[in-house]
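> just coords:
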């Protein structure tokens, strides 16, 4: 028992051989090395990804150089590839998406963070998180069969009547096109803006609002002039995040954008985005230059989202003090 | 500005925010509603058991796509979960400063990469060397997408295990690995499993990375080395196709896919939030 | 329970037949007649010599020297932040689980340097009970069996495990309350029961020394009294070191008391003497409640 001579116990004899101790120590080491290996696999994959994008786009990069970015020709037959139409389509649809999604998303986030009672806010947020889980192709499905006809028969004609004097809303109303794609994107990125902005707003210390109210501000004024400005870096972060998602969004966009590589001032016109052309043409690309040009497009997309995501995370960390921007 | 004006602005703006929230949430119900309405009647026994009919003929089902998605998810889990889990264990339990920072940074980076670019990566790595599409390539692409989610969640849930529990085990003479495997990991296991399920649900709906890795198949795909059909890709192909019958099937498939994804999300998220913290008194 | 009258100088609670003690008496052997031994004549289980401790640059303990006598209760008292928890955690090298800590000096267990041994086998010999009960999310049985299983102790072979678990639960005065629910989750127990479970868990590996870091601070007075009764019986087979911020508790349960202040050992004497005739004015100020 406990009063047994301690030397015996120290020698390890009654409790299993010294080998047990040795085994325990080396088990720790093995565990550390094995888990380290897997952690490094993650890094390896990321490095490989960048490497593959870089090397597989080499041919196109060397053939076209910087002119790749302002060339509008996309002619696989003649071997002429330029990214401008896709960059244009990507930027326009994403900008549209943001334009529509940010006010709605921010408004909803304000409601959920500041006004709604806790239970209601939690339940609604739960539903919005579910929205974020809806696969892109489902949005595409609804886009193609519900939204496109609606645009063609009701919305676009209406816009044409009211705003047809601007070049933005001219041209035939196909239903598909940049505007429709922008709308679908807006619907898809709203949940992200809401959930991140809500968290950012909740992280604002309560005394900010109280100080404003104590000065005689209305509820709205306290929120809009005290709480939201305090959280504005984080909200910017959520916008960048949403933008990054919009830029990379593939399926829903390709199903409604029209897949036509042209640049036009009108939002009614069909267009093409980087992700959409990759989705449509990658599996059928013949010839190394063609494939290489597509990979270069992929590289461009990667770099765009990389920069945006990095900025977004930085901004969000600054506000909430937490490291993760994405929610699982 | 007069007080009356400010008060009116107040009410208007506050109502508007409520309206925004309502609009956002109602989208979910619109989606569900349309899917049920258009796809409901075509979700039948044939859908689950028959192969697609030759192009142009009506009828048939999506049995191969359902099985295909299953196989792809299996591969994704096989690849993504161990890497994410064990990497997360390293970050939470062993790591110092430099390595965990780099790993977390790259995990976040991977998480933000558009899924179509992941598809290009998988294509370059798995398809190009052998010159054909395969289930392996698709599973790899999906697995890569799962890794960051599982990794960060594992780290988070392991961190959440209270220090006192670890100290209790160490004070009894447990070595570090013993403490982790017999106390910490079991305590965090529920959270980690739910995160893995959520990651699976997320990649189950992914289409883009499969377009040129698993590609598609109108028949069964034996083994792991051939192109394989999957539910999301079928939905896409049928939706943009010219046949009305295909459109019907796309709706039905959309309903099934969304149903699976939503049910998993709802169940898992409720379990996560309902899972009361262990210290009951 | 034979005791010298000196130790009865403070308000030790009379143990009634109905208390927790009643169930223990049937199992434990009566104490060996140690009544005539004073504290100084029992062997030393642990010796702490000139220990300095640092949290990074913060010098938390200044040249602490004291002795832990076998089969006695040694109490560490002092105001919050005086270093008593820091000190007790060095005894089983738990401070090594925190980065940036540094220790200078000697700590001997039965004459051997604890820093020269393998830490996991040291921690089997020196057990610890924590401030808040921290049972594992396992069954009551598995909690107690845990230490036995991981240390590969002979009792862990199939037949002996349940005996060993029962023995520990009896030593911790918990057996009667849980014997029919051994496979229920430990979290189904009350706070006081969980703490006694943690004591049983620590006892299962038969430690020579048991360290208790404010074991009753999270408990109500009834459970506190039960655990104090327990300590009294445990010291017959074990050496106890207890950290407490409750002076009356120290006076009740301990044989020797060390008073710490700002990381320094101010006074270390037999409990009756320290509480009736403290030699340092600071001790007197603390025990009369002028600060702390």
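All right, it came through fine. Just so you know, these numbers come straight off a predicted model, no measurement behind them. Residues are numbered from 1 along each chain as shown, chains lettered A, B, ... in the order given.
> Now stretch C:264-279: buried residues?
C:265-275, C:278 (16 or more other Cβ atoms under 10 Å in any protein chain shown). For every residue, glycine as well, the C-beta is placed using N, CA and C.
> avg pLDDT for that stretch?
Stretch C:264-279 carries an average pLDDT of 93.
> Also stretch C:110-121?
On average, stretch C:110-121 scores 90.
> quick one, strands of chain A?
In chain A, the strands defined using DSSP state E lie at A:74-75, A:80-81.
> Ok, which of the ones you listed comes nearest chain B?
Chain B sits nearest to strand A:80-81 of all the strands of chain A, at 15.7 Å, using Cβ to the nearest Cβ.
> so what secondary structure elements neighbour that closest one?
strand A:74-75, helix A:288-320 (3 or more Cβ pairs under 8 Å, 6 or more residues apart in numbering or on different chains; DSSP states H and E).
> would TSV of the buried residues of stretch C:264-279 with distance to residue B:55 and secondary structure be doable?
What follows is those, written out as TSV (distance: Cβ to Cβ, whole Å; DSSP: H, G, I helix; E, B strand; the rest coil):
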residue	distance to residue B:55	secondary structure
C:265	89	strand
C:266	92	strand
C:267	94	strand
C:268	92	strand
C:269	96	strand
C:270	97	strand
C:271	93	helix
C:272	98	helix
C:273	99	helix
C:274	95	helix
C:275	95	helix
C:278	98	coil
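> before we move on, back to that, can I get the helices and strands packed on strand A:80-81 in TSV with mean pLDDT, mean neighbour count and distance to residue B:259?
Output for the helices and strands packed on strand A:80-81, formatted as TSV (pLDDT from 0 to 100; neighbours: other Cβ atoms under 10 Å in any protein chain shown; distance: least, Cβ to Cβ, whole Å):
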stretch	mean pLDDT	mean neighbour count	distance to residue B:259
strand A:74-75	88	15	39
helix A:288-320	89	21	30
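> how about a markdown table for those, with distance to residue C:238 added?
Output for the helices and strands packed on strand A:80-81, formatted as a markdown table (distance: least, Cβ to Cβ, whole Å):
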| stretch | distance to residue C:238 |
| --- | --- |
| strand A:74-75 | 82 |
| helix A:288-320 | 49 |
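> Check the contact between residue A:183 and residue A:93; I expect there is one.
No. Distance between residue A:183 and residue A:93: 9.2 Å, which falls outside the contact criterion (Cβ atoms under 8 Å).
> Just want to know which of those two has more residues nearby.
residue A:93 (32 against 21; other Cβ atoms under 10 Å in any protein chain shown).
> Quick check: the more buried one touching residue A:269?
No. Assessed by Cβ under 8 Å, residue A:93 is found out of contact with residue A:269, at 11.9 Å.
> Show me whatever sits in contact with both of these two.
residue A:178 (Cβ atoms under 8 Å, 6 or more residues apart in numbering or on different chains).
> so what secondary structure elements neighbour the biggest helix by length in chain B?
Determined from DSSP state H, the single longest helix within chain B is helix B:3-39. With contacts defined as 3+ Cβ pairs under 8 Å, 6+ apart, helix B:3-39 has these neighbours: helix A:84-110, helix A:118-132, helix A:136-142, helix A:178-202, helix A:219-222, helix B:244-274.
> Next, the angle helix A:178-202 makes with that helix.
120 degrees (axes from the mean of the first three to the mean of the last three Cα atoms, to 10 degrees).
> Now do the contacts for residue 212.
Using chain A. Going by Cβ under 8 Å, 6+ apart, the list of residues near residue A:212 reads A:221-222, A:225-227.
> right idea, wrong chain: chain C
C:128-129, C:231, C:240-243.
> Out of those residues, which sit inside strands?
Those of those lying in strands (DSSP E): C:128-129, C:240-243.
> Can you tell me which helix or strand of chain B has the lowest average pLDDT?
Lowest by mean pLDDT, DSSP states H and E among the helices and strands of chain B is helix B:45-49, with a mean of 85.
> which helices and strands does that one pack with?
Short answer (3+ Cβ pairs under 8 Å, 6+ apart): helix B:45-49 packs on helix B:63-89, helix B:244-274.
> Could you identify the helix or strand that succeeds the first one?
This means helix B:63-89. helix B:98-112 (DSSP states H and E).
> who touches the helix or strand that that next one is followed by?
Sequence order places helix B:115-122 as the next helix or strand after helix B:98-112, per DSSP H and E. Contact with helix B:115-122 is made by A:48-49, A:52-53, A:56, A:248, A:250, A:275, A:278-279, A:282, A:294-295, A:298, A:301-302, A:305, B:137-138, B:140-141, B:144-145, B:206, B:208-213, as judged by Cβ under 8 Å, 6+ apart.
> Name only those of the residues you listed that count as buried.
A:49, A:52-53, A:56, A:248, A:250, A:275, A:278-279, A:282, A:294-295, A:298, A:301-302, A:305, B:137-138, B:140-141, B:144-145, B:206, B:208-213.
> Residue numbers of chain B in contact with chain C?
Residues of chain B lying near chain C by Cβ under 8 Å from any Cβ of the partner chain: B:162, B:164-175, B:178, B:182-183, B:186-187, B:278-281.
> rewinding a little: would you convert the buried residues of stretch C:264-279 into TSV that also reports distance to chain B?
Shown next, in TSV, are these (distance: Cβ to the nearest Cβ, whole Å):
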residue	distance to chain B
C:265	24
C:266	28
C:267	28
C:268	25
C:269	29
C:270	28
C:271	26
C:272	31
C:273	32
C:274	28
C:275	30
C:278	32
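> Farthest-apart pair in those, please.
C:265 and C:272 (18.9 Å; Cβ to Cβ).
> Can you give me the neighbour number for the closest residue in space to residue B:106 that isn't next to it in sequence?
Of all residues not flanking residue B:106 in the chain, residue A:46 sits nearest, at 4.1 Å (Cβ to Cβ, 6 or more residues apart in numbering or on different chains). Residues lying near residue A:46 (other Cβ under 10 Å) number 23.
> Tell me which residues touch residue A:46, please.
B:106, B:109-110.
> Repeat that for residue C:140.
Residue C:140 touches C:178, C:181-186, C:189, C:197, counting by Cβ under 8 Å, 6+ apart.
> Please tell me how far it sits from chain A.
Note on residue C:140: its distance to chain A, by Cβ to the nearest Cβ, to the nearest Å, is 23 Å.
> Now that residue. Its backbone dihedrals?
Backbone torsions for residue C:140, taken as degrees, to the nearest 10, come to phi -60, psi -50.
> Point out where chain C drops to low pLDDT.
C:1-41, C:153-159, C:292 (pLDDT under 70).
> residues near the residue of it found nearest chain A, how many?
Relative to chain A, the nearest point of chain C is residue C:110 (3.5 Å; Cβ to the nearest Cβ). Residue C:110: 19 surrounding residues under other Cβ under 10 Å.
> Verify the contact between it and residue C:70 for me.
No. Contact criterion Cβ under 8 Å: residue C:110 and residue C:70 do not qualify, at 9.0 Å.
> intersection of neighbour lists for these two?
Going by Cβ under 8 Å, 6+ apart, residues that sit against residue C:110 and also against residue C:70 are residue C:45.
> Looking at the ones in strands among the contacts of residue C:212, which is nearest chain B?
Looking across these and measuring by Cβ to the nearest Cβ, the closest to chain B is residue C:128, at 3.9 Å.
> Could you tell me how many residues sit around the residue lying closest to residue B:60 once chain neighbours are set aside?
Nearest residue to residue B:60, sequence neighbours excluded (Cβ to Cβ, 6+ apart): residue B:53, at 3.5 Å. For residue B:53, the count of nearby residues is 14 (other Cβ under 10 Å).
> Residue B:53 touches residue B:64, doesn't it?
No. Counting by Cβ under 8 Å, residue B:64 is not a contact partner of residue B:53; they are 12.0 Å apart.
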